Each structure stands twice: as C-alpha cells, then as structure tokens.
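Peer 1: any chance you could fold what I've pasted below:
(one chain, ligands or ions: 1)
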Amino acid sequence: MLDSSRRGFICSLSAFLAVPLSQAQEPDLILYNGNLWTVDEKLPRAQAVAISAGRFFAVGANDEVLHLATGRSRKLDLGGKTVLPGFIDAHSHPAEAGLSHLRMVDCDLRSIAEILKALRERAQKTPRGEWVLGFKYDDTKPADNRPLTLQDLNEALPEHPVFVGHRGGHTAWVNSPALKLAKLEKNSPDPQGGKYDHDPTTGELTGHVREHGMDAFRAVIPANFTREDHREGVRLISKMMSRTGVTSVTDASGSPEDLFAYQQARDAGELSVRIYCHIFHAFVGKMLEAGVKTGLGDEWVRVGAQKMVCDGSISERTARLSQPYIGRPDDFGILVTPEDQLYEMARKAHAAGWQLGTHANGDVAIDITLRVYERLQKEMPRKDPRFRLEHCSLVTDSLIRRIHDLGAIPTPFSTYAYYHGEKMKEYGAERLNHMFALRSFLDAGIRPTQASDYPPGPFEPMMALQSEVTRADSKGNVWGATQRISLEEAIRVGTMNGAYASYEENSKGSIEAGKLADLVVLGRDPFKEDPSNIVEIPIERTMTGGKWVFES
Ligand SMILES: [Zn+2]
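Peer 2: Here you go, the predicted model:
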C-alpha cells in the first residue's frame with residue numbers, strides 16, 4: 001500500500017516537473033492600462049491582465065501585472081479602453097447559418113421587389129427545375145407592408161421551385177413548382193404539428209407553410225452538402241460572430257455533420273468561437289449506444305444537451321400561448337410535440353447523463369416542458385441536471401417558481417425587444433411585461449443567459465445589452481419596461497450565466513486567473529454611453545484562447 005501510494009506521489013511530482021516552470025509562469029502577453037470589467041466578484045475592476053498559454057495568468061493593477069513581464073512577454077497598452085469577458089451566445093444555430101450564408105439567398109432585405117430580384121439573380125445561375133432557396137426572409141420588415149405571396153414567387157421564378165424560409169425558421173413561402181414537387185394539393189391534409197395555409201375564399205394553397213408543414217419540402221430538397229461545405233460554413237459564421245465580441249456559442253440543434261464540421265474547423269485552426277453543441281434528439285440514440293454524453297469534448301468543441309422542441313416561434317407568431325394572439329382570437333399558436341412524446345424522448349437521455357434542452361416559447365409549452373422535467377427528476381433524480389428551457393419567452397409567477405425550484409436555466413431572446421419590436425404588438429403591451437423576463441428571473445435567483453437564436457435574432461452582444469437594458473425597439477417603442485435590467489446585470493447574463501448553462505463556469509465567463517483567455521475590447525465604455533446608443537459601440541478586438549481572432 002505504502003509503496004504504490006509512494007509511487008503515485010513520485011509520478012505526480014515528476015509530471016509536475018515535466019512542465020517547464022519558466023514557461024508556465026511567464027506571460028506571453030500583458031494587456032495593461034485598460035478599464036476591465038471582470039465579472040469576478042472577488043475583483044470586479046482591474047487595469048491589466050497577463051495571459052499565458054491561452055489562459056488568464058494574473059489580473060490586477062498595472063504595476064502588479066506589468067512586473068510579471070519577462071523578456072519574451074509582449075505588452076499592449078489598451079489606452080484606457082473597456083474590456084469585458086468574451087460574450088457567450090447560449091442559443092443559436094451557427095453551423096446551419098453558416099451553410100445558409102454559403103448556399104442560400106439572404107432575403108433580409110427591405111422590399112419584396114429587392115427579395116424577388118435577389119432570388120431571380122440566383123435562378124439565372126441555377127439550372128431550370130433546380131431549387132432556389134432563400135433564408136432570413138422576415139415578413140414584417142419589407143416596406144410593402146404585406147407578406148410575400150405564391151404569385152410573387154411564381155411570376156418571378158416560373159421555372160424553378162422556390163423555398164424561402166422565414167428567419168425564424170418555423171415557417172416558409174413556396175411557389176407552385178415547389179408545391180408540385182412536394183406533391184401537395186388543395187386537399188392535402190395538414191401534417192401533425194404543422195399547417196398548409198389556404199386562401200379563405202378559394203381554398204387554394206397559398207404557399208405559406210408552417211412548422212411540420214415544411215417537412216414535405218425538406219424531404220425533396222436535395223441536401224447535397226459535402227464535408228468541405230460544412231467546414232466552410234463553420235469557418236464563415238465563426239468569423240462573423242468573432243467580429244461582434246462573441247467567443248462561445250451553443251449550437252442549439254446540432255447534427256452529427258455539424259459536430260464533425262466543428263471538429264474539422266477546430267483542427268484546421270479555423271474555429272474562432274467555442275462550441276457547446278446540443279444534439280437534436282433524433283440523432284442522440286446512436287450516441288447513447290456509444291456512451292457519449294453531455295460534456296464530452298474539449299474547451300473548443302463539446303457535446304451539449306439533447307435538444308427537443310415543444311412549440312412554435314415568437315418571431316413568426318406560432319408560439320403556443322394560453323391566451324390568443326392580439327387580433328386573432330382563435331389563434332393560440334402551435335404545439336409541435338405533445339407531452340407524452342416529449343417525456344419519451346427525454347427519459348433515456350436524462351437517465352444516461354445528458355443535459356436536456358427543450359424549445360419552449362409560450363407559457364403553455366413551458367408548463368408542459370417543466371412537467372416533463374419535474375417528472376424525470378422525481379423518477380430518476382440527478383444531481384445538478386441544469387435542465388434548459390430554450391427561449392422560455394412568456395412566463396407567469398408560478399412558472400418562475402417552478403423554474404427556480406428545479407434549478408432550470410432559461411435562454412430568452414436577447415435582441416428581440418430591440419430588433420423585432422414591430423412584431424410585439426401581436427403579443428400586446430401587457431403580455432410583453434412577462435416576456436424575455438430577465439428582471440423576474442434575476443429577482444427569483446434564476447440564471448438566464450444571453451441568446452440570439454441566430455438566424456432568427458441578430459447575435460451582436462452590444463444589441464443584446466441595449467435591448468435588455470432599455471427594452472426599446474429601434475424606433476423607441478418600449479416593450480415590457482418592467483423587465484429592464486441594469487447594464488452590469490446584462491453583462492453578467494451574457495458572460496458568467498452563459499458559462500454556467502454549459503457547466504463551464506469554472507473555465508470561462510469572467511476575467512479571472514486560471515480561466516480561458518476570452519475577452520473583448522470595446523471602442524467606447526458602455527457605462528458612459530447613452531443606453532440607446534450601446535448598439536453603436538464598435539468592437540475593437542476579440543480574443544479567444546489568448547489569440548486575437550478579430551482586430552478592427
Ligand atoms: Zn433555436
């Protein structure tokens with residue numbers, strides 16, 4: 001006994017000595033003369049930080065940190081600029097968005113004519129009969145004040161099947177050739193959890209399809225992406241996100257191809273944001289068999305939660321609500337997965353040690369999802385399961401109590417009050433006081449995150465901060481003033497809370513010695529900025545793992 005424990009002691013000693021002391025204790029880089037908001041309660045403000053081997057090595061006052069410099073330490077004078085920990089986007093769709101940017105027509109344009117022109121240009125380069133795909137179309141943004149129609153698409157692209165997805169991802173607009181390929185006719189029955197819209201007078205299909213109504217098209221649109229395409233998509237989107245100060249992202253609905261693409265991009269040195277990759281439930285079975293569970297991976301690419309979907313979307317106004325939409329008295333939204341199915345999907349993964357993340361927007365969906373989680377925890381109690389309520393948009397006092405009691409994590413939309421203001425009237429001013437309810441969550445001791453859901457919402461952290469602090473849209477209309485939080489709270493939500501949501505609070509989320517060196521340098525101090533101008537603050541530099549991944 002003595003011998004073996006002694007051998008163990010000697011082994012660990014020699015392992016320690018194997019790390020060259022000089023290298024471990026020598027900063028590669030010192031940033032000084034800065035205005036650091038560390039989000040570390042022990043040392044909230046600092047002037048300087050030393051970085052060694054991709055991690056923060058020391059944080060403190062200029063003289064404290066600068067005297068650690070050796071001959072090989074580089075030094076950078078920040079000139080008083082504000083530095084924050086790198087932002088964590090706790091729910092978005094980077095791999096899918098990257099592929100879309102690579103292959104589809106970006107329909108985030110401000111008139112129907114411009115959208116049709118962009119689609120037509122793509123059609124001219126696309127063989128007749130092949131699909132033209134659009135994404136990021138937003139029905140409320142074009143100045144025309146009406147949605148795209150089947151007729152628009154038929155006239156502009158008579159010889160190509162067209163599928164234009166809403167930026168929210170839950171609805172789409174198609175033309176007649178597309179309907180034909182999907183074998184849909186006037187009398188085709190709606191699929192479970194989906195709708196094919198019909199003209200109220202003629203009964204003809206309008207080409208607007210919702211939720212599982214999109215499946216018939218997905219089944220016939222060839223997804224002929226190569227592994228190179230997937231990797232290229234990840235490279236593209238991670239660059240786009242790094243420019244804005246994001247250093248970590250949760251992919252809220254990853255596939256095996258996505259997980260592979262993130263690893264390929266990491267290996268090629270092209271991944272500039274860290275990825276916590278939720279896996280869509282349909283793909284988890286094989287991974288369970290292989291013994292994979294949440295947390296497998298490294299500090300760049302890690303397996304996240306099992307993802308499930310309970311209801312519809314906020315930006316497309318299909319979330320399942322207990323009270324109808326304003327102006328549509330019979331419309332309560334769409335439930336995508338019934339409770340018993342959700343429970344069946346969740347059970348095995350929960351038992352095998354997976355975190356669970358369920359898309360639940362409306363109060364009805366959140367209630368259902370919480371019931372599933374509560375039942376699982378009762379039948380198979382797990383220590384610290386950190387159940388995630390993806391979006392968790394519309395809450396009530398009793399839902400908040402249950403979220404707190406379960407230790408669950410909401411990931412509400414951070415940029416919607418600002419960016420999607422014009423859609424909020426369909427929820428109504430009063431209901432907005434209970435949506436994206438950061439004030440209520442924080443007051444209840446819950447740890448909500450920052451989340452864009454990109455493409456549905458923009459991912460710029462500065463827009464998130466402004467939206468959360470002011471609750472005002474770009475025209476100045478205020479949506480849910482009672483849910484405003486302070487700038488300091490919003491920064492913590494966007495950093496530490498995001499780290500907690502992926503079980504990584506000990507390795508990131510604050511500027512603290514020993515943590516991963518992820519940070520952002522801002523062009524102006526948000527604490528000195530008019531809150532309605534935060535969105536304009538330029539990002540000067542972003543660092544991930546001790547490397548500048550963006551420099552303006
Ligand atoms: Zn999402």
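Peer 1: residues in the stretch 451-552 of the chain within reach of the ion, list them.
Peer 2: Residues of the stretch 451-552 of the chain that fall close to the ion, judged by CB under 5 Å from the ion: D453. Where C-beta positions appear, they are placed from N, C-alpha and C, glycine not excepted.
Peer 1: now the stretch 451-552 of the chain against the ion: closest residue?
Peer 2: Across the stretch 451-552 of the chain, the shortest distance to the ion (CB to the ion) belongs to D453, at 4.4 Å.
Peer 1: give me the neighbour count for that residue.
Peer 2: D453 has 29 neighbours, counted by other CB atoms under 10 Å.
Peer 1: SS state for it?
Peer 2: What DSSP: H, G, I helix; E, B strand; the rest coil gives for D453 is coil.
Peer 1: I'd guessed it sits against S92; true?
Peer 2: Yes - contact status for D453 versus S92: in contact at 5.7 Å, counting by CB atoms under 8 Å.
Peer 1: who touches both of these two?
Peer 2: When contacts are counted by CB atoms under 8 Å, 6 or more residues apart in numbering, D453 and S92 are jointly contacted by A252.
Peer 1: for stretch 472-483, list the C-alpha coordinates in PDB.
Peer 2: The C-alpha trace of stretch 472-483 is given here as PDB (Å, rounded to 0.1, in the frame of the first residue of the first chain):
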ATOM      1  CA  ALA A 472     -36.900  49.700 -26.500                       C
ATOM      2  CA  ASP A 473     -37.100  48.900 -30.300                       C
ATOM      3  CA  SER A 474     -35.100  50.800 -32.900                       C
ATOM      4  CA  LYS A 475     -38.000  53.300 -33.200                       C
ATOM      5  CA  GLY A 476     -38.000  54.000 -29.500                       C
ATOM      6  CA  ASN A 477     -41.200  52.000 -28.600                       C
ATOM      7  CA  VAL A 478     -40.800  50.300 -25.300                       C
ATOM      8  CA  TRP A 479     -41.800  46.600 -24.900                       C
ATOM      9  CA  GLY A 480     -42.100  45.300 -21.300                       C
ATOM     10  CA  ALA A 481     -40.500  48.100 -19.300                       C
ATOM     11  CA  THR A 482     -40.800  46.100 -16.100                       C
ATOM     12  CA  GLN A 483     -38.300  43.600 -17.300                       C
END
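Peer 1: next one: that stretch to chain centre, how far?
Peer 2: 22 Å (CA atoms, centre = their mean, to the nearest Å).
Peer 1: ok but V39 is inside a strand, no?
Peer 2: No - under three-state DSSP, V39 falls outside any strand and is assigned coil.
Peer 1: now for it: which residues touch it?
Peer 2: By CB under 8 Å, 6+ apart, the contact set of V39 is 84-85, 491-492, 495-496, 509-511.
Peer 1: ok, 6 Å please
Peer 2: Listed by CB atoms under 6 Å, 6 or more residues apart in numbering, the contact set of V39 reads 85, 492, 495-496, 510.
Peer 1: secondary structure class for the closest residue to it other than its chain neighbours?
Peer 2: Setting aside the residues directly before and after it, V39 is nearest to S510 in space (CB to CB, 6 or more residues apart in numbering), at 4.1 Å. At S510 the chain is in coil, as set by three-state DSSP.
Peer 1: quick one: S510 from T495, how far?
Peer 2: According to CB to CB, to the nearest Å, S510 stands 6 Å off from T495.
Peer 1: any shared contact partners between these two?
Peer 2: Shared contacts of S510 and T495, defined by CB under 6 Å, 6+ apart, comprise 39, 85.
Peer 1: of those two, who's got more company?
Peer 2: In this view S510 and T495 are compared by other CB under 10 Å, and T495 has more residues nearby, 30 against 24.
Peer 1: V65 against A58, yeah?
Peer 2: Yes - between V65 and A58 there is a contact at 5.3 Å, judged by CB atoms under 6 Å.
Peer 1: more crowded one of those two?
Peer 2: Neighbour count, other CB under 10 Å: between V65 and A58, V65 has more, with 22 against 19.
Peer 1: got phi/psi on the more buried one?
Peer 2: Here is the backbone geometry of V65 (degrees, to the nearest 10): phi -90, psi -40.
Peer 1: please tell me the pLDDT value assigned to it.
Peer 2: We have a pLDDT of 96 for V65.
Peer 1: again, but for A15
Peer 2: 32.
Peer 1: and the chain, which residues reach the ion?
Peer 2: With CB under 5 Å from the ion as the criterion, the chain meets the ion at residues 252, 453.
Peer 1: 8 Å instead?
Peer 2: For the chain, the residues in contact with the ion (CB under 8 Å from the ion) are 91-93, 169, 252-253, 359, 390-391, 453, 456.
Peer 1: where does this structure have low pLDDT?
Peer 2: Counting by pLDDT under 70, the chain shows low-confidence ranges at 1-24.
Peer 1: make it 50
Peer 2: 1-22 (pLDDT under 50).
Peer 1: strands of the stretch 301-450 of the chain, start to end?
Peer 2: 301-309, 356-360, 388-391, 409-411 (DSSP state E, counting those that start in this stretch).
Peer 1: adding mean neighbour count, write those out as TSV.
Peer 2: Formatted as TSV, those follow (neighbours: other CB atoms under 10 Å):
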stretch	mean neighbour count
strand 301-309	25
strand 356-360	29
strand 388-391	30
strand 409-411	28
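Peer 1: adding distance to A261, write these out as a markdown table.
Peer 2: Putting the strands of the stretch 301-450 of the chain into a markdown table (distance: least, CB to CB, whole Å) gives the following:
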| stretch | distance to A261 |
| --- | --- |
| strand 301-309 | 10 |
| strand 356-360 | 20 |
| strand 388-391 | 21 |
| strand 409-411 | 23 |
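Peer 1: what's the closest of those strands to Y32?
Peer 2: Y32 lies closest to strand 301-309 among the strands of the stretch 301-450 of the chain, at 32.1 Å (CB to CB).
Peer 1: and the nearest residue to V520 once chain neighbours are set aside, how far from E488?
Peer 2: Counting by CB to CB, 6+ apart, V520 lies nearest to G245, which is 3.7 Å off, once chain neighbours are set aside. According to CB to CB, G245 and E488 sit 17 Å apart.
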